[in-house]
Structure formats: structure tokens, C-alpha cells
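**Q** How does the following fold in three dimensions:
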Amino acid sequence: MRLTVVGCSGSYPGPDSPASCYLLEAGSGSGSGSGSGEDRPWRILLDLGSGALGALHRHADPLTIDAVFLSHLHADHCLDLCGYYVLRKYHPKGAQPKIPVHGPVDTARRMAKAYDLDENPGMNEEFDFLEYDGAVQVGPFTVTPVPVLHPVPAYALRVEAGGRTLAYSGDTAPCEALDDAARGADLLLAEAAFRDRDDNPPGIHLTGSDCGRTATAAGVGRLLLTHVPPWHDPADALAEARTTWEGPLDLARAGTTYDV
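**A** Next up is the predicted model:
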């Protein structure tokens with residue numbers, strides 16, 4: 001399983017990166033999920049936040065994405081689905097087949113309103129909107145959504161393929177559910193939007209030290225920090241994480257690829 005960081009800026013696109021979007025690729029001939037069983041690369045997106053669709057073109061043809069998984073419906077995690085709707089509807093190759101978009105309750109209506117569309121048909125002719133209800137199989141990927149702590153319905157996403165596991169925190173405050181989602185993962189992709197030294201509101205985001213504590217409690221192989229907002233120095237998140245985590249540690253950067 002290969003992870004490409006398409007966008008990793010927290011809360012809004014920054015000078016060096018779009019907002020949250022992560023491309024996962026794996027090969028399979030299993031025949032499950034959204035294809036016909038041919039041995040080919042399979043591609044899914046975790047989030048498609050503001051500014052990410054343009055950057056995605058550098059890493060994959062957007063028409064080859066097999067499914068999209070939205071952690072929650074804040075703009076920095078989902079808004080470029082509007083542009084993706086336009087691309088799939090009006091592409092010169094013709095209207096594209098539906099692909100699944102998995103997300104929280106009310107995703108179809110919320111995305112239609114984001115583009116000022118009537119709810120019927122909204123984007124339902126381009127996307128097959130599916131509300132989270134247990135694990136989802138797409139080709140070689142098994143994606144398990146885990147409800148976490150945020151002001152809106154939000155999910156951590158545990159992704160398994162080829163005997164490897166990636167856990168993505170989405171946006172969340174510290175909670176046992178996140179520890180469970182990350183348990184034993186080879187890589188934990190965790191948001192570090194807050195800093196310990198600030199007076200942070202409760203129930204919204206993680207600090208770097210929170211990410212380290214989660215990684216330690218869950219026994220992960222590697223910790224990758226993401227979603228640092230442009231107003232913070234990413235070095236602060238790394239320094240905080242190092243106080244609670246002794247294992248491999250890195251900061252997500254747009255365009256970087258990792259083998260999980």
C-alpha cells in the first residue's frame with residue numbers, strides 16, 4: 001500500500017499545501033469492490049479538501065480514482081468534491097461512471113448545497129453517496145470508519161491492504177475510539193492542529209503530544225503528523241510528539257510518498 005500526501009494543510013490551504021487529501025494505491029486481482037477483478041492499481045482518496053483536486057493531477061489521473069472516503073464535512077476535508085463533480089460530469093471523454101463516495105450522514109445533501117445544486121439530482125448522477133455503516137471493501141482495500149470526537153460527525157479511518165494497515169485520525173480530540181482505530185497500525189497519520197502551550201478549546205483537535213500518546217498507546221509502527229495549520233510552525237508539532245513517542249516520526253509534506 002502506497003500513501004501519497006496530496007494535501008496536508010490544516011483548516012485551510014496554506015502556502016505550501018492544499019488542505020487534507022491522501023491518495024492510497026495498492027495492486028489487486030481480487031475482483032472485490034468497484035472493479036471487475038483485473039490486476040491493476042486501485043486508488044482511493046481519504047478526504048478531498050479545499051485546493052486538493054488540482055494537486056491530485058500531479059499524482060494520478062482523477063478519472064482513475066475508485067472511491068472517496070470523507071472523514072467529515074468541514075470544507076478543508078470535503079469541498080473539492082464540488083470540482084470533482086464538475087470534472088466527472090463535463091470531462092471531454094464524456095460523463096464518467098459513478099464512483100462511491102463514503103461519508104457521514106447527509107453527505108449527498110450537504111455537497112449539493114455546497115455547489116448550489118438542487119438536492120435532486122444534486123451530485124447523485126456522478127457519485128454513489130453511501131453513509132458509513134461498518135467496514136467497506138474496495139478492491140484490495142478494507143476501510144473501517146470509527147466515530148471520533150469532533151464538533152460534527154467525524155470518523156477516523158482504518159485502512160487495510162496487502163497485510164498492512166494505515167490509520168488516519170481525520171479531525172478529532174483525544175479519545176479511546178482513536179486509540180482503537182490506530183491499534184497495531186503500521187502507520188498512524190494523525191492531525192496535530194493544536195499546540196500544548198495554547199489555550200485550546202476542548203473536543204476539537206490533537207496536539208503533537210496527543211498524537212504521540214495515541215501512537216504509544218496503540219503500538220503503531222510509525223507516526224506521521226499532518227493537518228498543521230499555516231499559522232503554526234510544524235516544528236512545534238514534531239517537538240511535542242517527541243515528548244510522548246519514541247518511534248519513527250515524520251511530518252507530512254505535500255507531494256511526499258510513503259510505502260506503508
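
**Q** show me where the stretch 101-250 of the chain has strands.
**A** 127-131, 136-138, 141-147, 155-161, 164-168, 187-191, 223-226, 249-251 (DSSP state E, counting those that start in this stretch).

**Q** next SSE after the host helix or strand of P41?
**A** Assigned by DSSP states H and E, P41 belongs to strand 40-46. Using DSSP H and E, the helix or strand that follows strand 40-46 in sequence is helix 52-56.

**Q** With mean pLDDT, mean neighbour count and distance to L70 as new columns, can the strands of the stretch 101-250 of the chain be given to me in JSON lines?
**A** For glycine as for every other residue, the C-beta is placed from the backbone atoms N, C-alpha and C. Converted to JSON lines, the strands of the stretch 101-250 of the chain look like this (pLDDT from 0 to 100; neighbours: other CB atoms under 10 Å; distance: least, CB to CB, whole Å):
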{"stretch": "strand 127-131", "mean pLDDT": "98", "mean neighbour count": "17", "distance to L70": "10"}
{"stretch": "strand 136-138", "mean pLDDT": "97", "mean neighbour count": "20", "distance to L70": "12"}
{"stretch": "strand 141-147", "mean pLDDT": "98", "mean neighbour count": "21", "distance to L70": "10"}
{"stretch": "strand 155-161", "mean pLDDT": "98", "mean neighbour count": "25", "distance to L70": "8"}
{"stretch": "strand 164-168", "mean pLDDT": "98", "mean neighbour count": "24", "distance to L70": "11"}
{"stretch": "strand 187-191", "mean pLDDT": "98", "mean neighbour count": "29", "distance to L70": "15"}
{"stretch": "strand 223-226", "mean pLDDT": "98", "mean neighbour count": "27", "distance to L70": "16"}
{"stretch": "strand 249-251", "mean pLDDT": "98", "mean neighbour count": "17", "distance to L70": "23"}
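
**Q** a markdown table for those, including distance to L3?
**A** Shown next, in a markdown table, are the strands of the stretch 101-250 of the chain (distance: least, CB to CB, whole Å):
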| stretch | distance to L3 |
| --- | --- |
| strand 127-131 | 23 |
| strand 136-138 | 16 |
| strand 141-147 | 12 |
| strand 155-161 | 9 |
| strand 164-168 | 6 |
| strand 187-191 | 7 |
| strand 223-226 | 8 |
| strand 249-251 | 11 |
